[in-house]
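[1] Predicted structure and sequence below. I'll ask about it afterward.
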Amino acid sequence: MEKEPAMPEIHLLQAKLHLHAGDYSKCLNCLESGISYNFELRQMPQYNLIKARALKGTGELTAAIQCLCMVLSMPGVRRVTEGQKTSLSLSERASVFLELAGALRLNGEQHEAAKVMQDAIWQFKETPEEMRVMVANVDLALAKDDVDTALNVLQSVPPGKSSYMQAKEKMACIYLERMRNKKLYIECYREICEHLPGPHSSVLLADAFMKIQEPEKAIEVYQEAVKMAPKDATFATKIGQALVRTHQYDKAVNYYETALSTSMQNSVCLELAELLLKLKRFERAQQILEKALDHEDSANLSTMMNDVAFLRILVKVMHAKNEPCLDKLQQIYELQQKIVRRLSFEQPEKIDQQKRVAAVICCELAQKLCSKHDLEKAKQFYSEALIYCADDIEINFQIAQLYYEHHSQDYCEDQCFKILKLDEKHTSTSMLLADVLFRKKQKEEAIKRYTDIIYQYPGNFHALAKLLHMLRWVGRLDDVLPFFKTCETYSPTAVTEPGYNYCKGLYYWHAYRVREALIHLNQARGDPEWGEDAVELMVHICLNPDKDTFGGEVFESSEEDLDPPFAFGGKLIGMSIAQDLLRTFRPRSKTGQDKAVFLYNLCLVHSKEPKQVEKAVLDLSAMVANNVLLEASLLVAAQAFMLLKQSPRARNFLKRISKAQWTHAIAEDFEKSCLLLADMYIKMGKYTNAEKLLDDCIRYNMSCSRAYEYKGFMMENDQRYKDAAQQYELAWKYSYCTDPAIGYRLAFSYLKCKNYTQAIDVCHQVLLEHPDYPQIQTEILNRAQLLLRP
């Protein structure tokens, strides 16, 4: 273009590229630029055809029709007389007719569109473009819902015509998608096999059977096709897929193995390796992949692309076997870089697809580096992935998650806004943005975003669970109740959904209604999506139904005076239920398996038997060393050390958590750690240290009743009974007036600051639920009533 800017073909070619990419404005700009160099460009049919397509793409139908009519009026376009020269090919001439018919139809000029189409049928009869015109005519009839006319046109094509197979396939499509008639759909393909016998026709029939969910019949037809072309790997792959569809996994494996024994077919090898991976036959999958990769280095592009495919599955196998695979990922990355560089020159038609593969590989490497806490390298690979796919939403979202997990809130917020510009309805991004805003102390804005999501998508229970947590953290847990009603109104069956039941169970747990919480969580624990979280929460409830500071000593004596109000009759039964839950717990993911090991050790610690606790400490210390569920493992290990009377070690573990940056993921463990550490400081008389930790708890969770209780206890010890009463009031409120020990302390503080009426009211509340609660009747209620008398 720099050497010959006036050459019209260059501008037309550039405009075609933009048109193909769907960038209509750039296409039109190229054409205008071409006219500025060579005004004669306007007289070329190709110019007007490209311009009309671009105008049609932008919705300017009237201008597009004018351009196409101008092209039709040019010599040698509508008709070519013998000896007449034309600059348009036969295909381009047909395109002019079809584009004009399409534009007229979209513009509501159905009669004119039909006239143009009839003219095209006559003009291109007995030419290579005949079938294309016929299909366009059928599409025109279908656009008017004239199915009968469409079928009549297609049925008029006799078996001897070259367009016979295409016509029958189009008929089959109409029978299935428009008329929902599977029998006539299959009959079309049977007629193709009858008139045009061969492996290709058989595959079409078998694919048709697969499409209507009849894989058994498809297998029979595929096997006939294999007999016709035994060396074609496509048939072996399709038979294997059909066997998998019918759940005949062993037969599928045997079939693939047999096919591989005759010749090493890459597609069959990939299918077999993926199937073995799904069946968890990792060793065999690894053997097959390593055999496929066992060849000398090749510069052949197809071989290199196949090697990338094999290596990517091999990495999945190694990951499933918990083997290190970072080096293999690096090898895949380097190989894919070579492929992308060469494709630009050798096979440009494949470059987009392979760039996408390169982007996915970069993301996989970045994720692996994140797990190794190598944040800088992970960022580099994510940035490189964006070079290949700049507007890919999932890659951008992964980058946003990376920023969030590593506490770069401003970067994460910017990334979220970038994604929402690309897709304003990307719910996961909206949720992540709300989490960021909450972390940045814009709590009301975060809650509003979650409420908007639930109103828009009432079936999004992940959003409901997050909203529930946020409302609890700002001290407004009961504000979530109307959203349960919203879900029920949206779908009457919502009450049976595992996600709904998990959220309801979570609400009841935080509202101190243990029995209802367990009932709802039990309905969610068998679900693949919600089951792991439900079982984990149920185990925690069974082991500590009263939300005591396990391992703490400040309230230990008062808690022992009262049997816990656990719905199933005490802590021994709770322990038994927790163990039963874990026996049936079968997590699939690596994270889920780690969680199962953690919960098992949690049960050992709660047993309080020294040998069991010591065994748990060993396992938990290994998890801490390997950075597995770090905060939770540190907390439970610290609780274990407290039981073993090793307070200094426990304190060191708890300090690690209390100094960590608060996130939604570690919120519960952070709170429990701060409470236990505060308990230790109170026992040691270090009230200033304890107060700071308790303030942290309340700052992050205004509903933390234990934090208010500890603060009240310290003020009570300092004989600041009025201040203590204020803290106990909050503890009583956020424990939903269910903990009798808090009620006793609140009533006692009211008594001490001569607020006898409120002391009596609280005593009645406690005795209503716990009529045998020790000493509250004699020590507080009777004294308050006596002091009220004149």
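    Structure received.

[2] What is the least confident helix or strand in the protein?
    Among the secondary structure pieces of the chain, namely its helices and strands, helix 556-560 has the lowest mean (mean pLDDT, DSSP states H and E), a mean of 56.

[3] And Arg132, how far from Phe397?
    Summarising the geometry, the distance separating Arg132 from Phe397, computed by CB to CB, to the nearest Å, is 41 Å. All C-beta spots, glycine's among them, are computed from the backbone N, C-alpha and C.

[4] Identify the residue nearest Leu88 in space, chain neighbours excluded?
    Nearest-residue entry for Leu88: Pro45, 5.0 Å, with adjacent residues in sequence omitted and distances by CB to CB, 6 or more residues apart in numbering.

[5] okay, now that neighbour: neighbour count?
    When neighbours are defined as other CB atoms under 10 Å, Pro45 has 20 of them.

[6] is it true that it touches Leu72?
    No: Pro45 is not in contact with Leu72 according to CB atoms under 8 Å; the separation is 9.3 Å.

[7] Overlap of the contact sets of those two?
    With contacts taken as CB atoms under 8 Å, 6 or more residues apart in numbering, Pro45 and Leu72 have Val96 as neighbours in common.

[8] how far away is Gln442 from Ala378?
    Separation of Gln442 from Ala378 (CB to CB) stands at 27 Å.

[9] before we move on, what about Val495?
    Separation of Val495 from Ala378 (CB to CB): 42 Å.

[10] Of the two, which one has the most company?
    Summary of the neighbour comparison: Val495 and Ala378, criterion other CB under 10 Å, with Ala378 having more neighbours (24 against 14).

[11] residue contacts, the more buried one?
    By CB under 8 Å, 6+ apart, Ala378 lies in contact with 366-367, 369-370, 402.

[12] With just CA atoms, put stretch 318-336 into PDB.
    As requested, the backbone C-alpha atoms of stretch 318-336 are provided in PDB (Å, rounded to 0.1, in the frame of the first residue of the first chain):
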ATOM      1  CA  MET A 318      -0.100 -35.600  37.000                       C
ATOM      2  CA  HIS A 319      -2.200 -33.100  38.900                       C
ATOM      3  CA  ALA A 320      -4.700 -35.800  39.700                       C
ATOM      4  CA  LYS A 321      -1.900 -38.000  41.100                       C
ATOM      5  CA  ASN A 322      -0.600 -35.000  43.200                       C
ATOM      6  CA  GLU A 323       2.700 -35.000  41.200                       C
ATOM      7  CA  PRO A 324       4.500 -31.700  40.500                       C
ATOM      8  CA  CYS A 325       3.700 -30.500  37.000                       C
ATOM      9  CA  LEU A 326       5.100 -27.000  36.800                       C
ATOM     10  CA  ASP A 327       8.000 -28.100  34.600                       C
ATOM     11  CA  LYS A 328       5.700 -29.800  32.200                       C
ATOM     12  CA  LEU A 329       3.500 -26.700  31.900                       C
ATOM     13  CA  GLN A 330       6.600 -24.700  31.100                       C
ATOM     14  CA  GLN A 331       7.500 -27.200  28.400                       C
ATOM     15  CA  ILE A 332       4.000 -26.900  26.900                       C
ATOM     16  CA  TYR A 333       4.200 -23.100  27.000                       C
ATOM     17  CA  GLU A 334       7.500 -23.000  25.100                       C
ATOM     18  CA  LEU A 335       6.300 -25.500  22.500                       C
ATOM     19  CA  GLN A 336       3.100 -23.500  21.900                       C
END
